[in-house]
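> Build me a model:
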Amino acid sequence: MRRYLIPAATFAFGLGLAAANAATVQPYEQPGFAAAQSANEPILVFVEAPWCPTCAKERPILSKLYDTPEFRQLHVFTVDFDTNKALLRKLNVQMQSTLIVYRGSHETARATGVTDADAIRKLLETSKS
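Here you go, the predicted model:
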């Protein structure tokens, strides 16, 4: 029985490190978004819907990118297309699967329906400038 305790603890510790080295992903909330903008942080707003097939293709691509050292400082705010209509109007978003990239308060790029991994990477790279 004891022989399993050490690998389990090591595995749990490893998961903690992986999480600390990944982008932060959270539902959109104005205070958190404003704080990231004020700190001039790289930001992605991902407008998605659970029923959206394009969003389903984007999610694993984005998830892989979030785990790379290149994007570990990225603040990701998810927006549910079906329940946040006022925010969508404010952001001028008309479709789900929309990716909006910011560096601080400056919008650097926007795309809808992109499912090519290289194109999504290039989109996120604009947050560095």
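
> counting contacts, what elements does whichever helix or strand residue 36 is part of pack onto?
Taking DSSP states H and E as the definition, residue 36 sits inside helix 30-38. Judged by 3 or more C-beta pairs under 8 Å, 6 or more residues apart in numbering; DSSP states H and E, helix 30-38 is in contact with strand 42-48, strand 75-80. C-beta: built from backbone N, CA, C; applies to glycine.

> Could I get those in TSV, plus columns for mean neighbour count, mean pLDDT and distance to residue 124?
Listed next are the helices and strands packed on helix 30-38 as TSV, based on neighbours: other C-beta atoms under 10 Å; pLDDT from 0 to 100; distance: least, C-beta to C-beta, whole Å:
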stretch	mean neighbour count	mean pLDDT	distance to residue 124
strand 42-48	23	98	6
strand 75-80	20	98	10
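
> what residue ranges in the chain score low on pLDDT?
For the chain, the stretches with pLDDT under 70 are 1-20.

> quick one: the strands in it?
For the chain, the strands defined by DSSP state E cover 24-27, 42-48, 75-80, 98-103, 106-112.

> what would those look like in JSON lines with distance to residue 121?
Shown next, in JSON lines, are the strands of the chain (distance: least, C-beta to C-beta, whole Å):
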{"stretch": "strand 24-27", "distance to residue 121": "17"}
{"stretch": "strand 42-48", "distance to residue 121": "12"}
{"stretch": "strand 75-80", "distance to residue 121": "14"}
{"stretch": "strand 98-103", "distance to residue 121": "11"}
{"stretch": "strand 106-112", "distance to residue 121": "12"}
